[in-house]
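1. Task: produce atomic coordinates for the following.
(2 chains)
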Amino acid sequence: MAYCGWYGKTLRVNLKSRAVFEEQIGQDILTGWLGGRGLGACIVDAEVPARCDALGPENKLVFASGPLTGMNIPGVSRFSASAKSPLTGTLIDSNAGGTWGLMLKRSGYDALIVEGESSEPVYLKIDDGHAEICPAGDLWGKDTKQSSVMIQKSLGRGSSVASIGPAGENLVKYASIIIDGSHALGRGGLGAVMGAKKLKAVAVRGSKKVKAADPEKLEFYVYEAVKWLKANPITSQGLPEFGTAVLVNLFNEMGVFPARNFQSSQFPGARGISGEAISETLTPMRRGCYRCPVKCKRLVKSKDGITRGPEYESVWALGPQCGIGSLDVIVAANNLCNLMGIDTISTGVTIGCAMELEEKGLFQTGLRFGDEEGLLRVIAQIAYREGTGSLMAEGSRYLAEKCGAPSLAMQVKGLELPAYDPRGLQGMGLSFATSNRGGCHMRAYMAGPEALGVPKMVDRFSTGGKAGLVITQQNINAALDSLIVCRFINLAVTEEYFARIFSAATGFECQSQDLHHIGERIWNLERLYNLRAGLDSSFDTLPPRLLKEPVLHGPSRGVVVDLDPMMSEYYRFRGWSANGLPSSSKLKELSLEDALC
Amino acid sequence: MLKEFQRTGSDLFLTGLNSSHSGNLSVRFGDRILVTRRGSMLGHLEQRDLIETGLHKNDSKIILASTEIGVHRAIYKGTSALAIVHAHPVHATALSLQDNEIIPIDSEGAYLLHKIPVLSAEHTIGSRELEERLPYLLREYKVVMVRGHGSFAVGQVLEEAYQYTSSLENVCRIVWLTRVLKGDVEKNSEKYKNW
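-> Residues are numbered from 1 along each chain as shown, chains lettered A, B, ... in the order given. Below is the predicted model of the structure:
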């Protein structure tokens, strides 16, 4: 039986040979890995040597939609990109909203695999299934907005463009890919992978309709899901009214809002950069992804014109992390990062690290905490690798090591930490340390149970039982990242709904427990790849500051992350050895015997 | 204020008027509301479970507030209530699925509540429809049943709203029992049909 939701086809593009061809994907692959992150991991694991140079020709970039993409379901129009990360050396994936994933799906492909390197700048055009490699000499050097506009003019109405900016071209290790000048595949340096391949952009447009296996049932499940989205204050009021920056005041009051390179866990000027302040002062216009009623995105008026409003993480990284409390500066810095195509989190954390190094006399670049002009200046220097910006373009880990103070880099596995101080959220600490892509909050969104009461409120300072909770969240989120469901939608609509929605959409019977199993399989595959890449259990840790320096003030005062007991419980719970190696019985259980270390 | 919430929440749970995580409580003070956290256990309320947010205006705390925050706000805006108890009393909920209004047949219930309207809505949780319709009914009645969902009771303080909730459930148990007994019921209560 052929399932709905997938085409069973990938498009493979070799930039060196200029070959473009379609390939079939077996149904067992699609039902086993779903799409998005899972399918990306499966392909990268099979085709990209784990020890290869992430910026070399052996690395491949896999763009994948999910089986639900394109259907009339809120929160699933997303797509993901996967590769070996130049920043972390791990298998990395990042997903984004907008309409690019929808267009890829409507082009008739489940995934696009880009391999090889071009000798000249090119961009890839996929118009209703017809792919063409086009010269991009005139686009090279342009920012992400300019290149999107230029390509969209050429391809026409309805197209969507994923483009890199100068940062990607200059191989900044945390360069992002920006979609239509707005949405971002932010983390892990996927923009640099594109830059290394001299691939400026991928533009897609498609018109194929995506059919559901049981439209009537799907309509009912979606109706029920939307009911919850409308009922839940997070998705019906908080996010629509204030955007993701709704979290600023809340987390600052809890003492989990880091500032000045995690030297404190509260920021005195938080109120002035909060979601409330953005709503009151910048008169934002709401924007959202395809079929999403939440509309958490913002366009704001700034001195640079109408720009994308900063998300919670960006507000923090370009604000308190650098000791900055000016909303205007944060908006400008956020806009600059998007135009240059660099990840706001890694940029802000690396700059904050540089500021502390400077403060301690270990780095001379003239940057001080609170230096607003310096922030904007150095973002451009990073993107163009000018002066000390070139050192910062390698990421905080490299910078701090070069300056002789590796402990000052707030990163895990090379990926800069996001806007949560894990000393006040112990489970979040474990999730950072064990995340397969490095310091990431989205793998097991522990702010849910530890701060927002989703699914239930747990004691945020306790370590007891956190390992199991983190694992459950990591597993289910791996599956939901493969469907690909927006994490915010999942705050109101549980995986049980998405299992039903998935079954009705594809005809492939699936219960929530099956999603947990698929997610665990994805997690272990990613782990195996990372082990092959040389990332053993010594990488499953946190910056020493979070383990040894107690918070000095506020509600988290006196606390450090008590990682060791959670970590040993975590490995046991996962069915891994004390050294973090998946056991043969676990691999057998997950049908991963062939993916050996 | 925490003690008042704890006492009411605990009683509601222990007397079976709410299940472990159901129901919510709030009080109004000026243009602010103190409401229980979404998903909190009323039988075991702690300080972190009381969420303060605006009556007219949202702030970041809204993402922690009870799912019924919209209904609570609408009731405060549309009535003189200063406290609200939302519960899921079992007998009252069952009766609401059978009857279009609940008429007390016992003395205390008739004296205190006169009649309990039953409101039907397509969506009953965090519902815009309830936000529009409940305040009108609660201007006249102390407690209203939402069909198949639960009760909303108002008062000047939490204890008063709790009393109406408790009384409602008693009324419904008595109605239920008399129906089971299948005997003749004193008809004095009929006059309350036109209340």
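2. ends of stretch A:153-172, how far apart?
-> End-to-end distance for stretch A:153-172: 28 Å, by CA to CA, to the nearest Å.
3. Only the buried residues of that stretch, if you could.
-> For stretch A:153-172, the neighbour count (16 or more other CB atoms under 10 Å in any protein chain shown) marks A:155, A:159-172 as buried. To be clear about C-beta, it is placed using only N, CA and C from the backbone, and glycine gets the same treatment.
4. who in chain A is up against chain B?
-> A:227, A:230-234, A:236-239, A:241-242, A:246-250, A:274-276, A:452-457 (CB under 8 Å from any CB of the partner chain).
5. Tell me where the stretch 401-550 of chain A has strands.
-> Ranges of strands in the stretch 401-550 of chain A, per DSSP state E, counting those that start in this stretch, are A:411-412, A:415-416.
6. Among those strands, show me which one is buried the most.
-> strand A:415-416 (a mean of 28; mean count of other CB atoms under 10 Å in any protein chain shown).
7. neighbouring contacts of that strand?
-> A:85, A:87-88, A:174, A:187-188, A:317, A:343, A:345-346, A:348-350, A:395-396, A:409-410, A:435, A:437-440 (CB atoms under 8 Å, 6 or more residues apart in numbering or on different chains).
8. now swap in stretch A:375-387 and tell me
-> A:165-167, A:170-172, A:318, A:322, A:324, A:329, A:332-333, A:336-337, A:340-342, A:347, A:350-351, A:354, A:365, A:367, A:388-390, A:392-393.
9. so where's the chain uncertain?
-> I went with chain A, as the question did not name one. A:1, A:596-597 (pLDDT under 70).
10. You answered for a different chain; I wanted chain B.
-> Ranges of chain B meeting pLDDT under 70: B:183-195.
11. Now residue 25: phi and psi?
-> No chain in the question, so chain A it is. Main-chain torsions, residue A:25, degrees, to the nearest 10: phi -120, psi 130.
12. The chain in question should be chain B.
-> phi -130, psi 150.
13. Okay, and the beta partners of it?
-> residue B:85 (DSSP bridges).
14. Next up, the contacts around it.
-> B:5, B:8-9, B:35-36, B:42, B:83-86, B:158, B:161.
15. With chain A as the reference, measure out to it.
-> For residue B:25, the distance to chain A equals 16 Å [CB to the nearest CB, to the nearest Å].
16. Spatially central residue in chain B, please.
-> residue B:152 (2.2 Å; CA atoms, centre = their mean).
17. That residue contacts residue B:133, correct?
-> No: at 10.9 Å, residue B:152 does not count as touching residue B:133 under the criterion of CB atoms under 8 Å.
18. List buried members of the residues of chain A next to chain B by neighbour count.
-> By 16+ other CB under 10 Å, these give A:227, A:230-234, A:236-239, A:241-242, A:246-250, A:274-276, A:452-454, A:457 as buried.
19. quick one, phi/psi of the residue in chain B that chain A sits nearest to?
-> In chain B, no residue comes nearer to chain A than residue B:126, which is 2.8 Å away by CB to the nearest CB. The phi/psi pair for residue B:126 (degrees, to the nearest 10) reads phi 50, psi 40.
20. Residue A:235 is in contact with that one, correct?
-> No: the pair residue B:126 / residue A:235 is not scored as a contact, 10.1 Å apart, by CB under 8 Å.
21. Overlap in contacts, these two.
-> Contacts common to residue B:126 and residue A:235, judged by CB under 8 Å, 6+ apart, are absent.
22. dump the residue contacts of residue A:20.
-> Residues in contact with residue A:20, defined by CB under 8 Å, 6+ apart, are A:11-14, A:131-133.
23. Now do residue A:80 against residue A:252, distance only.
-> From residue A:80 over to residue A:252 the distance is 31 Å, taken as CB to CB, to the nearest Å.
24. Tell me how many other residues surround the residue lying closest to residue A:414 once chain neighbours are set aside.
-> Leaving aside its chain neighbours, residue A:414 sits nearest to residue A:88 (4.1 Å; criterion: CB to CB, 6 or more residues apart in numbering or on different chains). Residues lying near residue A:88 (other CB atoms under 10 Å in any protein chain shown) number 31.
25. Residue A:88 in helix, strand or coil?
-> State at residue A:88, reduced to three classes by DSSP: H, G, I helix; E, B strand; the rest coil: coil.
26. Residue A:435 is in contact with that one, correct?
-> No: the criterion here is CB under 8 Å, and residue A:88 misses it with residue A:435 at 9.9 Å.
27. Return every residue with contacts to both of those two.
-> A:413, A:415.
28. Just the helices from chain B, written as ranges.
-> B:2-14, B:69-78, B:90-96, B:107-113, B:128-140, B:158-181 (DSSP state H).
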